[in-house]
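1. Can you look at this prediction? I've put the sequence above it.
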Amino acid sequence: MSLTERRPDTGRRSHDRAESPGSPPLPLVVAGALAGAAAALLSYAVLAIVALAAWMLDPAAPWEWSHMLEAASAGWLAGQGVPLVILETPVNLPPVGFGLLCVVAIMAATRWAAGAAAVARRGEAVAVALSAAVPYGLSAAVLAGLGRHLGAVPWQAGVIAGSIALVVALATLVVRVRLIEPRRAPRMLVDASAAALTAVLVMVIAAAFALGAMIVIHADEVARVLGGLGLGAAGGLLVVALSLGYLPVALMWSLAYLLGPGFAVSSTTTISAFGPAGSAALPGLPILAAIPPDPPGGAVLLPLVGVVAGALMAALLRRRDWNGLPGLAAAAAAAALVGLILAALALVCSGSLGSASLSLLGPTPIYVGLAAFGTTLLGGAAVVIWPPREGGPDLHG
């Protein structure tokens with residue numbers, strides 16, 4: 001069967017689309033290609049509008065509109081992990097916020113494609129996802145080729161962006177069209193995954209509060225750094241946009257600080273709650289001025305965030321009747337998932353902004369993963385190991 005041929009649907013249909021004689025489903029390849037192209041165009045347009053707004057704020061500046069569009073291309077590509085070399089400076093620390101913008105655009109476009117093509121089978125989902133990834137990757141390759149000052153390799157940009165589009169589109173289709181039934185998965189895996197996501201959410205919220213508190217406490221220093229750049233309204237808008245792009249990175253660094261491993265701000269300096277910040281030269285982003293110069297009082301207790309998250313994780317497991325030794329096994333599985341998730345996030349939020357002292361920035365993934373695993377397992381084991389009260393349910397003990 002070709003990718004555009006449609007078989008009669010004897011099973012479920014996408015609940016995004018109500019079939020009617022006047023609106024036949026689009027061919028799979030057409031719907032996927034339109035979704036991929038739209039996702040690339042819309043996500044890039046957001047950054048381009050911000051860049052052009054900065055250009056219009058300062059018409060006397062030596063920047064041309066083409067330079068601003070190239071800056072938007074740099075943010076769009078770097079946000080998805082495409083390595084750049086700007087002014088002979090390697091840039092490998094992605095502004096993850098821009099990447100999340102692209103992910104949201106891909107998800108929204110894929111949801112539309114699922115309804116427009118009435119996707120209801122695994123093969124159809126793969127066809128739509130592949131069709132979306134091709135134009136999306138080609139868009140990245142074109143932007144990399146047109147950016148004369150970005151130092152990006154077009155084929156590499158196309159492969160990276162296309163792979164992201166393929167994975168996100170497939171995941172969206174699997175969830176939206178319900179191609180995988182969680183009820184068929186092992187019960188421990190389903191419950192451990194839900195508990196792990198709960199623990200990750202708790203730690204992310206704690207890291208967000210910590211980051212917000214540091215920004216408020218060091219607001220004067222942040223304002224001083226921003227004013228010291230002397231960029232004017234146009235440059236200030238670009239720096240604010242770039243800071244927002246790096247906000248998820250700062251959030252992950254905050255979480256690594258709470259868990260204990262901390263994060264590197266140079267090839268020789270690591271910021272953690274168990275040592276002074278040192279005097280390493282930081283990139284000129286105002287948000288980095290919120291880094292505390294010295295550990296706060298009681299800093300040794302900060303990793304308890306992971307222990308509390310583990311306890312809440314275990315409370316969810318107990319509600320699902322996991323306790324005793326089987327509960328301990330479920331808690332260990334959930335803690336391992338937490339460690340893997342946070343290690344992956346730490347990897348995404350680390351990199352370099354130069355070839356000298358700034359060649360190593362961010363948390364070390366393996367340390368963050370081990371710290372998350374250890375603290376959540378400690379808190380989880382303390383809650384879940386106890387058998388149920390006499391007369392209570394004991395489905396696994």
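-> Happy to help now that I have it.
2. just how off-centre is the strand or helix carrying residue 188 within its chain?
-> Residue 188 is part of helix 187-217 when elements are defined by DSSP states H and E. Chain-centre distance of helix 187-217: 14 Å, with CA atoms, centre = their mean, to the nearest Å.
3. what's the angle from the helix or strand just after that helix to helix 187-217?
-> Later in the chain than helix 187-217, the nearest helix or strand by DSSP H and E is helix 219-228. If you take axes from the mean of the first three to the mean of the last three CA atoms, to 10 degrees, helix 219-228 sits at 70 degrees to helix 187-217.
4. Now do the buried residues in helix 219-228.
-> 221-222, 225-226 (16 or more other CB atoms under 10 Å). C-beta coordinates here come from the backbone N, C-alpha and C atoms, glycine included.
5. what's the closest of the residues you listed to residue 202?
-> Using CB to CB, residue 222 comes nearest to residue 202 of the buried residues of helix 219-228, at 26.9 Å.
6. Who are the contact partners of the closest one?
-> Residues near residue 222 by CB atoms under 8 Å, 6 or more residues apart in numbering: 215, 286-287, 289-290.
7. With residue 381 instead?
-> Counting by CB under 8 Å, 6+ apart, residue 381 makes contact with 310, 314, 328, 331-332.
8. Tell me which of the residues you listed fall in helices.
-> 310, 314, 328, 331-332 (DSSP state H).
9. ok, which pair from these is furthest apart?
-> 310 and 328 (12.0 Å).
10. Give me the more crowded residue out of these two.
-> Using other CB atoms under 10 Å, the more surrounded residue of residue 310 and residue 328 is residue 310, with 32 against 18.
11. surely that one meets residue 335?
-> Yes - the pair residue 310 / residue 335 is scored as a contact, 6.5 Å apart, by CB atoms under 8 Å.
12. Pop the domain breakdown of the chain in here.
-> Per the record, the chain has its domains at 28-180, 186-397, by automatic domain parsing.
13. between residue 310 and residue 335, what contacts are shared?
-> Here residue 310 and residue 335 share the contacting residues 199, 376-377, 380, scored by CB under 8 Å, 6+ apart.
14. residue ranges for the helices of this structure, please.
-> Using DSSP H, helices in the chain cover 28-57, 65-79, 96-116, 122-146, 154-176, 187-217, 219-228, 232-245, 247-259, 304-319, 324-348, 365-384.
15. hey, least reliable of these by pLDDT?
-> Among the helices of the chain, helix 219-228 has the lowest mean pLDDT, at a mean of 73.
16. now that helix, how far from the centre of its chain.
-> Offset of helix 219-228 from its chain centre (CA atoms, centre = their mean): 27 Å.
17. okay, the angle between that helix and helix 232-245?
-> Using the same axes, to 10 degrees, the direction of helix 219-228 lies 130 degrees away from that of helix 232-245.
18. does residue 150 really touch residue 84, like I thought?
-> Yes - proximity of residue 150 to residue 84 meets the contact threshold set by CB under 8 Å, at 5.2 Å.
19. Turn the contacts of residue 381 into TSV, including distance to residue 38.
-> Converted to TSV, the contacts of residue 381 look like this (distance: CB to CB, whole Å):
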residue	distance to residue 38
310	42
314	43
328	48
331	43
332	43
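20. ok, those residues vs residue 345, which is closest?
-> Distance ranking of the contacts of residue 381 against residue 345, using CB to CB, places residue 310 first at 17.4 Å.
21. how much space between the closest residue to that closest one other than its chain neighbours and residue 203?
-> Distances taken as CB to CB, 6 or more residues apart in numbering put residue 379 closest to residue 310, at 2.8 Å, once the chain neighbours are dropped. In this view, residue 379 and residue 203 are 11 Å apart by CB to CB, to the nearest Å.
22. cool, and residue 96?
-> Residue 96 is 17 Å from residue 203, where distance means CB to CB.
23. Can you report how many residues lie near residue 301?
-> Neighbours around residue 301, by other CB under 10 Å: 11.
24. swap that for residue 100, sorry
-> If you count neighbours by other CB under 10 Å, residue 100 ends up with 15.
25. How about the contacts made by it?
-> Contacts for residue 100 (CB under 8 Å, 6+ apart) come out as 79, 248.
26. pretty sure residue 127 is in contact with residue 28, am I right?
-> Yes - using CB under 8 Å, residue 127 makes contact with residue 28 at a distance of 4.3 Å.
27. re earlier: please identify the most buried of the helices of the chain.
-> Ranked by mean neighbour count, those are led by helix 247-259 with a mean of 24 (mean count of other CB atoms under 10 Å).
28. Could you list every helix and strand in contact with that helix?
-> Helix 247-259 sits against helix 96-116, helix 187-217, strand 263-264, helix 304-319, helix 324-348, helix 365-384, with contacts defined as 3 or more CB pairs under 8 Å, 6 or more residues apart in numbering; DSSP states H and E.
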